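K.L.:
What follows is a predicted protein model with its sequence.
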Protein chains: 2
Amino acid sequence: MTRNIAQELKQNKPFGTKAEEAAVALLRTADVLRRVVAAVVEPKGITAQQYNVLRILRGAGERGLPTLEIADRMIETTPGITRLIDRLETKKLVARERCLTDRRQVFCKITSPGLTLLTALDTPILQATGTALGVLKKTELASLIDLLDRTREHSNEQFIERRRSQ
Amino acid sequence: MTRNIAQELKQNKPFGTKAEEAAVALLRTADVLRRVVAAVVEPKGITAQQYNVLRILRGAGERGLPTLEIADRMIETTPGITRLIDRLETKKLVARERCLTDRRQVFCKITSPGLTLLTALDTPILQATGTALGVLKKTELASLIDLLDRTREHSNEQFIERRRSQ
DNA sequence: CAGTACTGCTTGACTAATCAACTAATGAGC
DNA sequence: GCTCATTAGTTGATTAGTCAAGCAGTACTG
């Protein structure tokens, strides 16, 4: 038996709309998932956001990426990217180097200890996400992904529109 | 055309599993939604978490709720509930009162300025969530809610099991 | 009716996130 | 080539979040 959100929040009043109920369900589920990921990576001494940066840099390959490009690709948007990478640098998990052709840019690269750490986390993370979303069948996962992608895509359009009109 | 997550993150490598892809989609979509909500409530001088507390207290009725009960019902779990409510108290949006029958407990209640603020936010929030999730048809919203509820339910079970076995 | 354990917060020390300036480097127009 | 605007990133001050310890009040046990 699946409790619905209204029961789970023990609220007396029902939701105003289905959209609002979905919004709350989405935020709550993401919070659970965030804690699941945090529980896997934090024992290794990094936060979930730092883990995200390391994954982005692994995916970026040999040259690394400029600082703000990393910020753009992150799951959770953060203005504090500089200090986030500062902390990874002091841990020797990333290295920074000023770009020679455009001296404004700073390229960040994952180090070999960083790669080792990531490799050690790959299986646990796959297991954790697999467990968390393991109740859903393959077709259900696909439709969840589809619904989320479309929601996000639409929200981004809205956001861009609102910024244009200001 | 909907971009998929892999393209959106500009990662070179594909996802390890569908579950992992869904996890990332979920976290990213929730982050967009969180910023949408924050953009609505922050101009009124409260954070999204503070807004969440006020909604819980409005739903709780006349008597209010003990502090930790509020923490339990929140969308995003926070250990810093005391100071969060401290800030709402200085803003005169909630009032605290020690329980007479169990003097350990502190009941928190929304004040009338708090209620006024919430009322002013009701429509904008409904609009914002409606817009964000407005791409989805009613049946799609229902299935999204169902998928999320089941995921969360399952993750909670896992979490409880793991805690028991420790 | 002690002694002990547990609950319900609160506090202090620390770490991290946020916002607004600010510098330094590049590019664009005349 | 000299202004002006833009981009890339950093820094400082403030605010918020986190974790561990603490303290008052309650319940349970012999």
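P.N.:
On my side now, so go ahead.

K.L.:
Write out the residues of chain A neighbouring DNA strand C.
P.N.:
Contact residues, chain A versus DNA strand C (Cβ under 7 Å from any atom of the strand): A:47, A:49, A:78, A:79, A:80, A:83, A:84, A:87, A:101, A:102, A:103, A:104. (C-beta placed from N, C-alpha, C; glycine too.)

K.L.:
Swap in 6 Å and give it another go.
P.N.:
A:47, A:49, A:78, A:79, A:80, A:83, A:84, A:87, A:102, A:103, A:104 (Cβ under 6 Å from any atom of the strand).

K.L.:
so what's the residue in chain A that chain B sits nearest to closest to, chain neighbours aside?
P.N.:
Using Cβ to the nearest Cβ, the single residue of chain A nearest to chain B is residue A:30, 3.2 Å away. Among residues not flanking residue A:30 along the chain, residue B:30 sits closest, at 3.2 Å (Cβ to Cβ, 6 or more residues apart in numbering or on different chains).

K.L.:
Kindly report the same for residue A:129.
P.N.:
Once flanking residues are discounted, residue A:129 sits nearest to residue B:23: 4.2 Å by Cβ to Cβ, 6+ apart.

K.L.:
what does the model give that neighbour for pLDDT?
P.N.:
Predicted confidence (pLDDT) at residue B:23: the value is 94.

K.L.:
Which helix or strand contains it?
P.N.:
Using DSSP states H and E, residue B:23 sits within helix B:18-41.

K.L.:
Go through that helix and flag the buried ones.
P.N.:
Neighbour-count burial for helix B:18-41 flags B:18-37, B:40-41 (criterion: 16 or more other Cβ atoms under 10 Å in any protein chain shown).

K.L.:
before we move on, what about stretch A:44-55?
P.N.:
So for stretch A:44-55, counting by 16+ other Cβ under 10 Å, buried means A:46, A:48, A:49, A:50, A:51, A:52, A:53, A:54, A:55.

K.L.:
which residues does the third one contact?
P.N.:
Right, the one you point to is residue A:49. Contact analysis of residue A:49 by Cβ atoms under 8 Å, 6 or more residues apart in numbering or on different chains lists A:74, A:76, A:78, A:84.

K.L.:
Over to the last one?
P.N.:
Contacts for residue A:55 were tallied using Cβ under 8 Å, 6+ apart; they are residue A:118.

K.L.:
and it, backbone torsions?
P.N.:
Torsion angles at residue A:55 (phi, psi; degrees, to the nearest 10) stand at phi -60, psi -40.

K.L.:
since we're on the residue of chain A found nearest DNA strand C, how many residues are nearby?
P.N.:
Of all residues in chain A, the one sitting closest to DNA strand C is residue A:80 (2.9 Å; Cβ to the nearest atom of the strand). A count of neighbours around residue A:80, defined by other Cβ atoms under 10 Å in any protein chain shown, yields 11.

K.L.:
and it, what pLDDT?
P.N.:
pLDDT, residue A:80: 87.

K.L.:
Kindly provide the distance from it to residue A:67.
P.N.:
11 Å (Cβ to Cβ, to the nearest Å).

K.L.:
Quick one: residues contacting the most centrally placed residue in chain A.
P.N.:
Centrality entry for chain A: nearest residue to the mean C-alpha point is residue A:75, 2.9 Å, by Cα atoms, centre = their mean. By Cβ under 8 Å, 6+ apart, the contact list for residue A:75 reads A:52, B:24, B:27, B:28, B:31.

K.L.:
For it, give its distance to residue A:62.
P.N.:
Counting by Cβ to Cβ - residue A:75 and residue A:62 are separated by 23 Å.

K.L.:
got it, and residue A:138?
P.N.:
Counting by Cβ to Cβ - residue A:138 and residue A:62 are separated by 35 Å.
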